[in-house]
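1. this is a predicted model, with the sequence first.
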Amino acid sequence: ADPIKVGILHSLSGTMAISETALKNVALMTIEEINANGGVMGRKLEPVVVDPASNWPLFAEKARQLVSQDKVAAVFGCWTSVSRKSVNPVFKELNGLLFYPVQYEGEELEKNVFYTGAAPNQQAIPAVEYLMSEEGGAAKRFVLLGTDYVYPRTTNKILRAFLKSKGVADADIMEDYTPFGHSDYQTIIANIKKFAAAGKKTAVISTINGDSNVPFYKELGNAGLKATDVPVVAFSVGEEELRGVDTKPLVGHLAAWNYFMSVKNAENSAFVKKYRDWAKKNGVPNADTVVTNDPMEATYVGIYMWKQAVEKAKSTDTDKVIAALGGQTYKAPSGFTLTMDKTNHHLHKPVYIGEVRADGQFDIVWKTKEPIRAQPWSPYIPGNESKQGI
Amino acid sequence: MFRLILSGRMLGLALWLVLAAAPVRAALDPSLLAGFAGDFQSRMNAIEALGVAGGDDARRVLDALEAGNLGVAADKAVIVDGDTVRDAASGEALAGGRDDVELITVNNRVRRTLAGARAALALTSADRAERLGAAITLGDNPNETLLPVFERALAAETDEEIRGILARAAARINLASPDAPTRLRAVRALGESSDPAVKNLLEGLLQKHDGDWVEAHEDVRAAAGTAIAAIDRRIAVAEGVGTVFSGLSLGSILLLAALGLAITYGVMGVINMAHGELLMVGAYATFLVQGLFRSHLPAWLDWYVAAAIPAAFLSAALVGVAMERLVLRHLYGRPLESLLATWGLSLVLIQAARVVFGPQNLELANPAWMSGGVELAAGVVLPYNRIAIIGFAVFVLTLIWLMMQKTRLGMFVRAVTQNRPMAGCVGVPTARVDTLAFAIGSGVAGLGGLALSQIANVGPAMGTGYIVDAFMVVVLGGVGQLAGAVWAALGLGIVSKFLEGWAGAVIAKILVLVFIIVFIQKRPQGIFALKGRFADG
Amino acid sequence: MRTPFTIRLIQSTPRSGWLAIALFAAVTLAGVPLAHLVLPESNPLHLSAYTVSLLGKILCYMVVAVAMDLIWGYAGILSLGHGLFFALGGYAFGMYLMRQIGRDGSYGADIPDFMVFLDWKELPWYWAGSDAFLWALFLVVAVPGIVAFVFGWFAFRSRIKGVYFSIITQALTYAAMLLFFRNETGFGGNNGFTDFKRILGHSITSPEMRVTLFALSAALLIACLVLGRYLVTSRFGRVLAAIRDAESRVMFIGYNPLHYKLFMWTLSAVLCGLAGALYVPQVGIINPSEMSPANSIEIAVWVAVGGRGTLVGAVLGAGIVNLAKSFFTVTVPEYWPFFLGFLFIAVTLYLPDGVVGLWRKLRARRAPPAAPVAAAAPRRTADRPGKSRDDAATTAKGATA
Amino acid sequence: MLKVENLNQYYGGSHILRGLSFEVPVGKVTTLLGRNGVGKTTLLKTLMGLVPAASGSIGFGGRDITRAPSYQRVRAGIGFVPQGREIFPRLTVEENLLMGLATRPRGSAIPPRIFDMFPVLRQMMGRRGGDLSGGQQQQLAIGRALAFGPKLLILDEPTEGIQPSIIKDIERAIRSLAATGEMAILLVEQYYDFARALADQYLVMERGEIVMRGAGADMDADGVRQVLSV
Amino acid sequence: MMQTTELDRAEALAAAQAAERANQSREQWEGEATIGHVVKPGELDLSHNVILYLDDITVSFDGFRALNRLSLTIDAGELRCVIGPNGAGKTTMMDVITGKTRPDSGKAFFGQTIDLTRLTEPEIAHAGIGRKFQKPTIFEQHTAFENLELAMKTDKRVRRTLFASLRDDERDRIAEVLEQIRLTGEADRPAGLLSHGQKQWLEIGMLLMQEPRLLLLDEPVAGMTDDETERTAELFVSLAGRHSLMVVEHDMAFVEALGGKVTVLCEGSVLAEGDLATVQADPRVIEVYLGR
Ligand SMILES: Nc1ncnc2c1ncn2[C@@H]1O[C@H](COP(=O)(O)OP(=O)(O)OP(=O)(O)O)[C@@H](O)[C@H]1O
Ligand SMILES: Nc1ncnc2c1ncn2[C@@H]1O[C@H](COP(=O)(O)OP(=O)(O)OP(=O)(O)O)[C@@H](O)[C@H]1O
Ligand SMILES: NC(N)=O
Ligand SMILES: [Mg+2]
Ligand SMILES: [Mg+2]
């Protein structure tokens, strides 16, 4: 039978290559695995890899090419929200199918997109709830620190509303942003120290974008802000990002995700091993130290969900696959059986909170009992009450 | 909140007992451990109780907890020791495998409590450093019930520094004393502090609550006012110094990022868009040296940075020589083409790094002597790595200055750039001078990369983040003017930091750029404009 | 007695040039639309929507390259901020496109989604009139034009030259990028504008609209080339080149370089703005990264690849680099920077005058040389006077002149 | 000392030097005259290796230097004062003079006779070359070429822009340099009186060719002045 | 209203006095104007037959006085030679006149009314001062023809230049000048390829095209043959009268051929002035300049 083409739309060059290359790798690995097990409906999958080069208009161009020229059945791709926004109209116009694997700010629902990363209520809100709990240190004062773009701004807007609803006063919230690629956190860390001196337990909620994290954490470590005093919980720092950081001074700082490499279960062990082996076989640089992370798991789950839906629909036709996707379940490396919501194209996901270990992995210190349904339209943003499904 | 205070009270009371009389008991009372089987809060209480109890057995349990080996099995605290599971109280091996044990998660909260418990014990230690650490830990979060502990410790303590900390900690607690003279004394003692937390505490006294002063006594309020003013002064001075330091530090980083370019572009006139990638080469060389040290000389790991200095210089210089020999050589006097070719080179070098080392950032650790910092005042820390980088910048700058101004090579380089054919006609081997100069410029860029590796990302595209800044520094200073680059870098650093304190990082960055635009209007040839009749054709 | 513009224009352009332009016009204004709209998909000559948008995008880039070449190649002013004008034109038109979404956005509100989300109740003042197509067109010209004019006026008046000028243009675009990244600025922050639906009520995704936008881009490019051609062959062009080579001498014979530079600079910015306005509906997004310094440098790179100082060169350069990029990112997604990087290096080493230089060399070779070809021929460029002096960015060298 | 044979040179398509042959003997002043644009400067540039010779040969002190790079020619002992001064504008006067010692060992001192000849250079030691007046720059260029004690001194219109009294000094200096018998001098000059006063032998160039040559003493008799004014 | 006493009255008085002074001065000025002539602002006023006044001009560079209280006037139609040792300040003086260098102090007037120290370079050029530089500066990438075209006296504003085309008479004028400077054969070659002497000529040609009222010529015959020097002298002499010329040269034969008044500059100020013979006989001039 003819192979089924699927597109992989991740930046392999430019600023985002640092994060997205691993997603391309895991997508290729998953496709190989599916092919090795007989493919989809007896047809092999043929990946079409393109490089949108961290350039947003190029994302749209490549998306159009994948869907209209290469006629791929589905596309797995994008990381930044702006890249997703750039390709959305293309998928809508051509009725294509996109799987988006990264946590994001919500406020969006597209018929042609399936979101396998977290919405704010599946990551940010639980993390803050944890910080406010006795166990998490009973924080009373919050620094919302981010890179100046939409995801941090939106997340912090939601968090501010959430904190207010929990009775935190505006005076107890400090919000600050840095430009993309900012690498000098001296002033900001001094400000945090000052803010934290008010006598109430303070925590930092970081939505700092990948590139700025190393200088941020280095400065944090050298300025002597310890996790036991002022814990930092990050939403964009995972195992892959920590590979570039000397983690010893950071032990105890936190991250919130729906998956950690350190999750212990059979699915995850297999997943990690598969990826390690694949990396070795394919000559990925530093293959012996490769790690898995949340968006990689989301990519993996997304591809399998799509496979199941195609098999259920017995067709790769977009509309049929979309119809078949709602309600699909998959036993994911995160240790839970994840369900694709019937109406809102988001996965029900568990939430984990991990503390950084000296070896760059996370100690899971808290997790939800079961997967949580996504709220892409945050109830903390006025006017969203009426919005839910597609 | 209530529970927290209560537990503090318990801890204090128990400590008082310990300090007052009790010789250390030899055995561990199993009831002390019962709390571990309960909820989170009861576990915290149990940790504190262990701290109070003291003794080697308690220590053993706390150690196990810290190592993540303490757990609960069948409502009993147990320690997992390899494959055997032992009763935490007695240390006896128990039946049952480790799979039956629910290990206690050590999170920040646990660690904090643990640290408190350990500190309470350490306050009586014979080792000064231990006592000091303990005093700092407890002094950061003093609690009224700890007062007797502090006072007793104070009575026994001879070390001035520790006494100071304990005294201020005691004073903080005494602010709540019902006795007005005690409060007054406490307020006066706290006036010596430079800690914003203390200031906040004092400010609390000056507030009105339901129409009544929080602090009833007028004299105490007046003293508090004086104390706040004194603290404010100290904080203001410390913060001023801190901001200037941050500015210097940012400036020295900009300078290190730009110095190589000041040679290759400023002096030689090659628009080197691959300059950032030379920084990257230097940083990667540093990474490789770190790797070598980790695997072969772990004992000397702290000195890998020193060993990386020649490595970073040479590797970047070698790449520079290759660039010069293969490409730039053919482009002298055609700066436009050098822009295009080096842009191409930069693409190639970035992708080469990505293919060889992978796209992710590399981990470079600050050596121990570059970690941490000196604390000028609470909140104002001068990190050692930044101090080291400032020093390094001075060092590199001196080297370059000597090279350009005091050696014949420097003069030849300048002559060749100013008039290549004529330099040949006085006997300068221009080709060799070019290569050498470019190699030195590249090598200096490599040193810049080494410095950057100590504070920021090391990854394939790290250079792209600096190229714009580097060009701005070189140009703002006045092309070809080494001194100009220094002033430009320091100026930009300090201006940035003051603006940042005032307007936030994003607006500050925008303002700095606007500042550059306006500044160039006033000095269209940079800070150190070339004066003289030859300056305009 | 002055000869009319058009006549002199015709005189100033060689016949082959006109032929090429006519051919280009025929292909882009008639051929491509027919191939996309009329030919069935099965026809091998059919052009897909993908191809039309890709070519349309590249046409816009070509306009930018021509605008860059006018100011860099002919006036010797290297702008590292042209991406800003392009983006401003794009944003100006993007505002209109956002308003055309009407209530079809996610929130179904009268104002663009990102404003709803920021709790803005009404449009900020600078969005006033943005739903009017003509006002949008006016802004497309006026905003880049005014920004360029004001910036240029101060910079040229202060006699900022060479690399100093380049760097402040870079600072300008960088500052603008950071400003536009902020949500508060009111242009959608990092996400910028996307999800366009209509222009003048017609669906933006319809083939007719696509072809119209394409043809407009082509027409703009042709207009730019014709205008550029006229400018560079006029006395104005010669004065400009003279300013590039010896500004102070130009002053001593009575021309005020400020006015000349400012005119060309502003015109160049306006052309970029127009290109940006056509670009945005074709690629479907505008965000602040268009203003990133690297983008502006890339524009200079296109021009350099094609051959600076020739209009055709700029067009070819933009075309070659962007097609190569589109091609390599698909065929060798992990290694394309090598290909592109080596392409740039090879061009500089072997084609010192860009692609156009190669073409000229080949043509010169075909025509028999008038005199015996000298052994010194390979050194030609090195010996060409002013070669080192004509560059805006050569201050270090230029100072020796 | 210098022996040029059948030298040819082109710029693009035009033939600038057409089969030139001549010799510059040591201890003598050879002057080369010719109207504007006949190729004198081109010839000197070819001698210095600034433009490659298309054909023919250049021998210096018995060595063939036709293909040698400029700096080796200087090392072999050729000093050059170019037309248009070509000083290093952003180096100080002192550094410009030190550049003249580039082929000498590090630390060599500037010979004092240069300051005897051009006292103004001593006053201006710290000033940047580009700031000097035209005539001062010309003096600097001559001083720079003399600094390392060349065996062959090539001068391209060295009197241009120099005040009369110093021209006289230069004339005396060149005389005495030649008189030591160790230096060969090739002087390109438009200033007839100066050329004639110095010439031991002369050459006249026209359209890339040497059309007249003879002993310096015969210049008037040979009607060189008339040839130049046609 | 009661308070408006002393103070107000004093103020009113002062204002009245000031108004009176202004009136007086206006009357004075107008009176002069009526007995003199009407001058349009910005137009060259040669009413005192002087085209260039330099008065007490000082220019220093980092403490070095290149011009030291220099005063000099040139009459309309005069051909003036300026000589003086290297570094005397001759080029610097021209820099001041053309606006390239701003004097630290002193006055520079073109005619009676045009204050050169307040104008920009193009404005000065427009007012009618043309200059030939010591080092020939021409547009190397343009052909000789284009160099002349650019220099041509015409409206040099952007709007006009955009739509300018060469008229036949202009073409003829360029051809005539090309002939005059012997570059007809090189008309279409890039000027950068000309030899040194040819560049000198081209620059003189550009000056001729510019038709300035005052020509400043810095060493115009450097690098020319004796024969050409003579022709140049003839050319300049023929220009005098219609134009005013200030020529800097070190070639005494040339200065002699020009035959005008000679000013000797030394260390930034005038050392001697007079006809060539007088000046040449001046022992100070011999000492610092001519030599023995
Ligand atoms: N780089 C060049 N390319 C092409 N032609 C050139 C170049 N340089 C000089 N020429 C031409 O070569 C001829 C000889 O020039 P050259 O400078 O050698 O003359 P010259 O004898 O030194 O004249 P002058 O006395 O004016 O200095 C001239 O016609 C000139 O136009
Ligand atoms: N920008 C400057 N910086 C320092 N010194 C300067 C500068 N410009 C001129 N000078 C000095 O001023 C003096 C006058 O120079 P100027 O060029 O005017 O002399 P000149 O009379 O034209 O000499 P020449 O006959 O050699 O051309 C010289 O000593 C020169 O070194
Ligand atoms: N969606 C994000 N993390 O940008
Ligand atoms: Mg010559
Ligand atoms: Mg002079």
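-> Done, it's in. Ligands and ions are numbered 1, 2, ... in the order given.
2. is any part of stretch A:58-73 close to chain B?
-> No: on the criterion C-beta under 8 Å from any C-beta of the partner chain, stretch A:58-73 is out of touch with chain B, staying 15.4 Å away. To be clear about C-beta, it is placed using only N, CA and C from the backbone, and glycine gets the same treatment.
3. list of residues touching that stretch?
-> Contacts with stretch A:58-73, where a contact means C-beta atoms under 8 Å, 6 or more residues apart in numbering or on different chains, come from A:4-7, A:9, A:48, A:50-52, A:75, A:77-78, A:83, A:86-87, A:89-91, A:94, A:96-98, A:310, A:316, A:321, C:48-50, C:53-54, C:57, C:283-285, C:326, C:329-330.
4. kindly recompute the last result at 6 Å.
-> Applying C-beta atoms under 6 Å, 6 or more residues apart in numbering or on different chains, the external contacts of stretch A:58-73 come out as A:4-7, A:9, A:48, A:50, A:52, A:75, A:83, A:86-87, A:90, A:94, A:96, A:316, C:50, C:283-284.
5. list phi and psi for B:E102.
-> Backbone torsions for B:E102, taken as degrees, to the nearest 10, come to phi -90, psi 110.
6. tell me the contacts of it?
-> For B:E102, the contact set (C-beta under 6 Å, 6+ apart) comprises B:71-72.
7. show the pLDDT at it.
-> Confidence at B:E102, expressed as pLDDT, is 87.
8. state which one residue of the stretch 101-250 of chain A is found closest to chain B.
-> A:G244 (2.5 Å; C-beta to the nearest C-beta).
9. check chain D too.
-> Taking C-beta to the nearest C-beta, chain D has D:G130 as its residue nearest chain B, at 2.8 Å.
10. please name the residues that touch residue 122.
-> Defaulting to chain A. Here A:Q122 is in contact with A:349, A:351, A:372, A:374 (criterion: C-beta under 6 Å, 6+ apart).
11. wrong one, I was asking about chain E
-> Counted by C-beta under 6 Å, 6+ apart, E:P122 has contacts C:251, C:254, C:256.
12. neighbours around residue 174, how many?
-> Just going to use chain A. Neighbour count for A:M174, taken as other C-beta atoms under 10 Å in any protein chain shown: 19.
13. could you do chain E instead?
-> 22.
14. find the nearest non-adjacent residue to it, please.
-> Closest residue to E:I174 apart from its sequence neighbours, by C-beta to C-beta, 6 or more residues apart in numbering or on different chains: E:L148 at 4.8 Å.
15. ok, now B:G320?
-> Among residues not flanking B:G320 along the chain, B:S442 sits closest, at 2.5 Å (C-beta to C-beta, 6+ apart).
16. now do C:T205
-> A:E93 is the one closest to C:T205 (C-beta to C-beta, 6+ apart), at 4.7 Å.
17. coming back round to it: now render the contacts of E:P122 as a markdown table, adding pLDDT and distance to B:G260.
-> Below are the contacts of E:P122 laid out as a markdown table (pLDDT from 0 to 100; distance: C-beta to C-beta, whole Å):
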| residue | pLDDT | distance to B:G260 |
| --- | --- | --- |
| C:M251 | 89 | 37 |
| C:G254 | 88 | 44 |
| C:N256 | 92 | 40 |
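18. hmm, who's touching stretch A:181-188?
-> With C-beta under 6 Å, 6+ apart, stretch A:181-188 has contacts from A:176, A:211-212, A:215-216, A:219, B:246, B:250, B:456, B:465, B:497, B:500-501, B:505.
19. looking at those, which are in helices?
-> The helices, defined by DSSP state H, take in A:211-212, A:215-216, A:219, B:246, B:250, B:465, B:497, B:500-501, B:505 from the contacts of stretch A:181-188.
20. quick one: contacts for the residue nearest the centre of chain C?
-> Centroid-nearest residue in chain C, with C-alpha atoms, centre = their mean: C:V64, separated by 0.3 Å. Contact partners of C:V64, counting by C-beta under 6 Å, 6+ apart, are C:86, C:272, C:275, C:299.
21. ok so it is a strand residue?
-> No: with DSSP: H, G, I helix; E, B strand; the rest coil as the criterion, C:V64 is assigned helix and is not in a strand.
22. what helix or strand does the spatially most central residue of chain D sit in?
-> By C-alpha atoms, centre = their mean, chain D has its centre lying nearest to D:L155, at 1.6 Å. Using DSSP states H and E, D:L155 sits in strand D:152-156.
23. hmm, whatever helix or strand comes next after that strand touching chain E?
-> Counting by DSSP H and E, the element after strand D:152-156 in chain order, helix or strand, is helix D:164-179. Yes: Helix D:164-179 lies within reach of chain E by C-beta under 6 Å from any C-beta of the partner chain, at D:164-165, D:168.
24. so which of the contacts of stretch A:58-73 are in helices?
-> Per DSSP H, the contacts of stretch A:58-73 map to helices at A:83, A:86-87, A:90, A:94, C:50, C:283.
25. let's have these in TSV, adding neighbour count and distance to ligand 1.
-> Formatted as TSV, those follow (neighbours: other C-beta atoms under 10 Å in any protein chain shown; distance: C-beta to the nearest ligand atom, whole Å):
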residue	neighbour count	distance to ligand 1
A:S83	29	53
A:S86	29	52
A:V87	32	55
A:V90	26	55
A:L94	19	59
C:Y50	20	50
C:V283	23	47
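26. which members of those residues are the farthest-apart pair?
-> A:S83 and C:Y50 (18.1 Å; C-beta to C-beta).
27. mind listing the helices for the chain?
-> Assuming you mean chain A. A:17-36, A:56-64, A:81-94, A:124-132, A:150-165, A:186-196, A:210-222, A:239-242, A:266-281, A:294-313, A:318-325.
28. look at chain E instead
-> For chain E, applying DSSP H gives helices covering E:6-35, E:90-97, E:121-127, E:144-151, E:158-162, E:168-180, E:196-210, E:226-239, E:252-258, E:276-281, E:283-285.
29. for B:G96, which residues are in contact?
-> B:V85.
30. now B:S249
-> Shown in contact with B:S249 (C-beta under 6 Å, 6+ apart): B:R386.
31. if I look at it, how far off is C:L45?
-> Distance, B:S249 to C:L45, using C-beta to C-beta, to the nearest Å: 63 Å.
32. ok, now C:N322?
-> For C:N322 relative to C:L45 (C-beta to C-beta), the value is 23 Å.
33. so those two - more neighbours on which side?
-> C:N322 (20 against 9).
34. residue ranges with poor pLDDT in the stretch 351-500 of chain B?
-> B:378 (pLDDT under 70).
35. now the helices for it?
-> B:384-406, B:408-418, B:420-425, B:430-453, B:464-477, B:482-503 (DSSP state H, counting those that start in this stretch).
36. right, so of those, which gets closest to A:K166?
-> Here helix B:482-503 is closest among the helices of the stretch 351-500 of chain B (C-beta to C-beta), at 30.1 Å.
37. could you pull out the buried residues of the closest one?
-> Residues of helix B:482-503 classed as buried by neighbour count (16 or more other C-beta atoms under 10 Å in any protein chain shown): B:482, B:484-501.
38. excluding its backbone neighbours, what's nearest residue 101?
-> In the absence of a named chain, chain A is used. A:A298 is the one closest to A:P101 (C-beta to C-beta, 6+ apart), at 3.7 Å.
39. that was the other one, I meant chain D.
-> Once flanking residues are discounted, D:L101 sits nearest to D:S108: 4.8 Å by C-beta to C-beta, 6+ apart.
40. hang on, that neighbour packs against D:M99?
-> No: D:S108 is not in contact with D:M99 according to C-beta atoms under 6 Å; the separation is 11.7 Å.
41. need the contact partners of stretch B:313-326.
-> Around stretch B:313-326, the neighbours that count as contacts under C-beta under 6 Å, 6+ apart are B:278, B:281-282, B:285, B:435, B:438-439, B:442-443, B:445-447.
42. export it as PDB, just CAs?
-> Coordinates of each C-alpha in stretch B:313-326 appear next as PDB, following Å, rounded to 0.1, in the frame of the first residue of the first chain:
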ATOM      1  CA  PHE B 313      42.400  31.800  22.800                       C
ATOM      2  CA  LEU B 314      44.100  29.300  20.600                       C
ATOM      3  CA  SER B 315      41.100  27.500  19.200                       C
ATOM      4  CA  ALA B 316      39.400  30.700  18.300                       C
ATOM      5  CA  ALA B 317      42.600  32.100  16.800                       C
ATOM      6  CA  LEU B 318      42.900  28.900  14.700                       C
ATOM      7  CA  VAL B 319      39.500  29.300  13.400                       C
ATOM      8  CA  GLY B 320      40.300  32.900  12.700                       C
ATOM      9  CA  VAL B 321      43.400  32.000  10.800                       C
ATOM     10  CA  ALA B 322      41.500  29.500   8.700                       C
ATOM     11  CA  MET B 323      38.900  32.200   8.000                       C
ATOM     12  CA  GLU B 324      41.500  34.700   7.100                       C
ATOM     13  CA  ARG B 325      43.600  32.400   4.900                       C
ATOM     14  CA  LEU B 326      40.700  30.900   3.100                       C
END
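43. right, I'll call it a day here.
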